[in-house]
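Participant: Structure here, sequence nowhere to be found:
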Ligand code: NAD
Ligand code: SIN
């Protein structure tokens, strides 16, 4: 029998946090359809003011919201607080992006004609969210979508529904009409039903490549609907020509293990000059040994918490084992320090001589290491993936960075910075299996409205100058 409710449990403790009946897809879409036109007809100043009020509501409830996110995802409280800061910051960033990228402008046109460029909302947009940033990432679609005059139907991940519900409550408390911001509780089945619903005008998705590709297929026969896909990565970090191996180790640890590796931009692969391999791995291992892994509210504060659930932890430990079957040599095994709970320790494995290096995203703290003989080999290895989200070079040599930047295939290419921690003030997206060329964050404005170009004159003063017989 199909489940009739979604139950959210705290990864760190297993305690039930929240439960709610599965929602009604048709009902949520109908409510949004009935409301969006009125919202779209309001002046932009009204929508900006309403969303600024929303930022204030979130500010007032920041402690409660951060506590909820920390409990529901297992991420440390300090990290959940920074997620709330990102949610608040998104409003002003989206206001600027809206006017810069999708506002109104006069365009020069020949013969004293006036060409006006304006943008219109699509209508009702579905938003499907992942569990790793249950507020910040859907918020990154929802705020620009509402600002542009759309209504949204938001289905949070079935693993983090409470955080999604809280976000929608904040929007309503700020005065966003209830019909314009709908919450749909459910899992993949409801996601599929929402994505296939005739009443939506588009879908803004953040999640795995597996789901994104299925959605892309489903939308192939619907060119009239906008589809924005933000998917995963198999991201490389390359360490080359640097004497500062401690800093390199810090960057690798931050890239691979922040949020227990549950970031789309997390480094999955470390590619290192074979001469630096032994001392670098030594530095990384020392740092890993010092990382505090604990429940979100622990004191002292942990570096990372558990992964999202026991199934995920099991999958990660099995995946690590499979890498060893393929010829990988374990550097640090993945352990489960607390029985029955999904805490896992950061793991490393040398895949240089493996028979096969599976190009899959292992969404957790597993770092695969490859030794390279030349920098060209390192770049080729970095590009040895269907994904293309983020890539970092750690090096003190600017010429190497120029070469890396020119040749590595990714939407985010960093230098002496982690692969993760992307800024909301810049576009965010990748190539290959990481997205469908509709980057989010600052460029989210682009997929939330479509351009309308109008050639305009106040009077119809026209004539046919050529090819007309005397009349
Ligand atoms: P997921 O793909 O399993 O689920 C994402 C959402 O889609 C959920 O709401 C889920 O219920 C829904 N869904 C699942 N199957 C569906 C289907 N067949 N049809 C319609 N909806 C469906 O992803 P996840 O495990 O929640 O999140 C982790 C993934 O998200 C990782 O791959 C990570 O890299 C990716 N991610 C990407 C970004 C980005 O911006 N590029 C950011 C964060 C996370
Ligand atoms: C993510 O969206 O999963 C991570 C964003 C980042 O840290 O770059």
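Facilitator: Great, that's in hand. In this text, all values refer to a predicted model and were calculated from it rather than measured experimentally. Ligands and ions are numbered 1, 2, ... in the order given.
Participant: Just list the residues touching residue 381, thanks.
Facilitator: By C-beta atoms under 8 Å, 6 or more residues apart in numbering, the residues touching residue 381 are 236, 269, 271, 370, 372. All C-beta spots, glycine's among them, are computed from the backbone N, C-alpha and C.
Participant: how about it, phi and psi?
Facilitator: phi -70, psi -40 (degrees, to the nearest 10).
Participant: Adjust the sequence numbering to begin at 551 for everything that follows.
Facilitator: Okay, residue one is now 551; in that scheme the one you just asked about reads as residue 931.
Participant: With residue 916 as the reference, measure out to it.
Facilitator: Distance of residue 931 to residue 916, given as C-beta to C-beta, to the nearest Å: 17 Å.
Participant: For the protein, which residues are neighbours of ligand 1?
Facilitator: 678-683, 687, 705, 707-708, 737-738, 741-742, 745, 756-758, 761, 764, 780-782, 814, 911, 913 (C-beta under 6 Å from any ligand atom).
Participant: out of those residues, which are buried?
Facilitator: 678-683, 687, 705, 707-708, 737, 741-742, 745, 756-758, 761, 780-782, 814, 911, 913 (16 or more other C-beta atoms under 10 Å).
Participant: Helices of the protein, start to end?
Facilitator: 575-591, 594-610, 612-623, 627-652, 686-697, 711-723, 738-745, 759-769, 795-807, 827-840, 860-875, 925-932, 948-957, 994-998 (DSSP state H).
Participant: okay if I get the ones you listed as TSV plus distance to ligand 2?
Facilitator: Shown next, in TSV, are those (distance: least, C-beta to the nearest ligand atom, whole Å):
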stretch	distance to ligand 2
helix 575-591	25
helix 594-610	19
helix 612-623	12
helix 627-652	9
helix 686-697	6
helix 711-723	15
helix 738-745	18
helix 759-769	13
helix 795-807	9
helix 827-840	19
helix 860-875	15
helix 925-932	17
helix 948-957	18
helix 994-998	13
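Participant: Residue 554: which of those helices is closest?
Facilitator: helix 738-745 (11.9 Å; C-beta to C-beta).
Participant: Please tell me the pLDDT value assigned to residue 552.
Facilitator: The model reports residue 552 with a pLDDT of 65.
Participant: same thing with the one 5 residues further on?
Facilitator: As summarised for this prediction, residue 557 has a pLDDT of 98.
Participant: bridging residues for it?
Facilitator: residue 569 (DSSP bridges).
Participant: quick one: it and residue 565 touch, right?
Facilitator: No. Between residue 557 and residue 565 there is no contact under C-beta atoms under 8 Å: 11.0 Å.
Participant: The two: which is more packed in?
Facilitator: residue 557 (12 against 9; other C-beta atoms under 10 Å).
Participant: so who does the more buried one touch?
Facilitator: Residue 557 neighbours (C-beta under 8 Å, 6+ apart): 566, 568-569.
Participant: give me the number of residues near residue 749?
Facilitator: Counted with other C-beta under 10 Å, residue 749 comes out at 16.
Participant: Please read the previous query as pertaining to residue 577.
Facilitator: 11.
Participant: Show me where the protein dips below the pLDDT cut-off.
Facilitator: 551-552 (pLDDT under 70).
Participant: returning to what we had before: neighbour-wise, which of the contacts of residue 557 leads?
Facilitator: Each of the contacts of residue 557 was scored for neighbours by other C-beta under 10 Å, and residue 568 scores highest at 19 neighbours.
Participant: Backbone dihedrals for the closest residue to residue 998 other than its chain neighbours, both of them.
Facilitator: Of all residues not flanking residue 998 in the chain, residue 698 sits nearest, at 4.1 Å (C-beta to C-beta, 6 or more residues apart in numbering). Backbone torsions of residue 698, given as degrees, to the nearest 10, read phi -70, psi -10.
Participant: List the contacts of residue 698.
Facilitator: Contacts for residue 698 (C-beta under 8 Å, 6+ apart) come out as 648, 652, 669, 671, 995, 998-999.
Participant: and if you look at residue 988?
Facilitator: So residue 988 contacts 776-779, 979, 996-997 (C-beta under 8 Å, 6+ apart).
Participant: and with 6 Å instead?
Facilitator: Residues in contact with residue 988 (C-beta atoms under 6 Å, 6 or more residues apart in numbering) are 778, 997.
Participant: Just send the helices of the chain back as TSV, with distance to residue 886 too.
Facilitator: Converted to TSV, the helices of the chain look like this (distance: least, C-beta to C-beta, whole Å):
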stretch	distance to residue 886
helix 575-591	37
helix 594-610	35
helix 612-623	18
helix 627-652	22
helix 686-697	28
helix 711-723	25
helix 738-745	27
helix 759-769	25
helix 795-807	16
helix 827-840	16
helix 860-875	6
helix 925-932	30
helix 948-957	37
helix 994-998	38
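Participant: how about the ones you listed, which one is nearest residue 751?
Facilitator: helix 575-591 (8.9 Å).
Participant: sorry, back to before: mind checking which of the buried ones among the residues of the chain next to ligand 1 land in strands?
Facilitator: Using DSSP state E, 678, 705, 756, 780 are the members of those that sit in strands.
Participant: Which pair of the residues you listed spans the longest distance?
Facilitator: Checking these with C-beta to C-beta, the most distant pair is 705 and 780, at 15.1 Å.
Participant: returning to what we had before: of the ones in strands among the buried ones among the residues of the chain next to ligand 1, closest to ligand 1?
Facilitator: Nearest to ligand 1 among these, counting by C-beta to the nearest ligand atom, is residue 780 at 3.3 Å.
Participant: I'd say the closest one and residue 990 touch.
Facilitator: Yes. Contact criterion C-beta atoms under 6 Å: residue 780 and residue 990 qualify, at 5.2 Å.
Participant: Residue 627 versus residue 618, what's the distance?
Facilitator: 11 Å.
Participant: Between those two, point out the one with more neighbours.
Facilitator: Comparing residue 618 with residue 627 by other C-beta under 10 Å, the one with more neighbours is residue 618, at 24 against 21.
Participant: hey, what's the residue lying closest to residue 691 once chain neighbours are set aside bridged with?
Facilitator: Excluding the flanking residues, the one nearest residue 691 by C-beta to C-beta, 6+ apart is residue 754, at 3.9 Å. Going by DSSP bridges, residue 754 is paired in beta bridges with residue 677, residue 778.
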